[in-house]
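**Student:** test case, fold it:
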Amino acid sequence: MIAAQAEQARQQHEATKQPARVFADLRYQTVDSWSRERRVVAKAEHLDKGANPRFVVTSLDLEDHPAKELYEETYCGRGEMENRIKEQQLHLFADRTSAETMRANQIRLFFSAIAYTLLEAFRRLGLAGTSMARAQCQTIRLRLLKIGALVQVTVRKVWVRLASSCPSAEVFRQAFGNLARLRPVMLRC
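**Tutor:** You can find the predicted model right below:
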């Protein structure tokens with residue numbers, strides 16, 4: 001059904017050596033399982049590894065939701081949101097709600113939510129422009145937060161000395177510089 005779009009994506013990929021996407025809007029009905037014809041948004045994509053077609057069945061209308069916008073913003077945005085939820089559950093222990101009382105489980109989930117909020121802000125503000133700007137929480141925790149360092153506190157300064165063999169030392173320095181340039185916002189009541 002999208003052979004022409006797949007060929008167009010392949011030709012674009014061959015010409016630019018970059019991933020190429022071509023979208024199509026289709027009407028489709030199954031033989032037995034669907035009661036009526038439905039709108040299908042098709043993505044014909046060609047990557048270095050080859051063709052990567054995708055199809056999304058939707059009830060959203062074409063006028064308000066063009067194919068490319070529906071796929072890239074709505075559909076992929078939802079997937080990205082689900083990835084963030086999974087990231088909090090798996091890497092920041094939001095799934096650890098096995099305490100005896102509801103209150104204990106609630107406070108565990110609250111701490112997990114705070115940790116996620118802090119790591120997301122750190123990723124957005126501190127890691128901007130670094131190689132880890134889109135890293136998952138687990139990667140940030142393991143490479144930047146769970147590292148050994150010598151911390152020396154004086155009256156005027158706090159010194160953090162990383163091991164000379166620390167593989168993420170440059171990212172750590174860049175993140176520190178990004179955070180140091182931020183100015184706190186004063187709230188007025």
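**Student:** look up which residues are beta-bridged to the closest residue to Val56 other than its chain neighbours.
**Tutor:** Nearest non-adjacent residue to Val56, counting by CB to CB, 6 or more residues apart in numbering: Val41, 4.6 Å away. Yep, even glycine has a C-beta here, placed from its N, CA and C like the rest. Note on Val41: beta-bridge partners Asp25, Val56, judged by DSSP bridges.
**Student:** can you pull the contacts of Glu73?
**Tutor:** If you count contacts by CB atoms under 8 Å, 6 or more residues apart in numbering, Glu73 has none.
**Student:** ugh, wrong one, Ala24
**Tutor:** Applying CB under 8 Å, 6+ apart, the residues near Ala24 are Met1, Ile2, Gln5, Val41, Ala42, Ala44, Ala67.
**Student:** Val171 contacts Ile147, doesn't it?
**Tutor:** No - applying CB atoms under 8 Å as the test, Val171 and Ile147 come out as separate, 10.8 Å apart.
**Student:** more neighbours: those two, which one.
**Tutor:** Val171 (20 against 15; other CB atoms under 10 Å).
**Student:** circling back: what is the nearest of the contacts of Ala24 to Asp95?
**Tutor:** Proximity of the contacts of Ala24 to Asp95, judged by CB to CB, is greatest for Val41, which lies at 33.1 Å.
**Student:** quick check: that closest one touching Asp25?
**Tutor:** Yes - judged on CB under 8 Å, Val41 makes contact with Asp25 at a distance of 6.1 Å.
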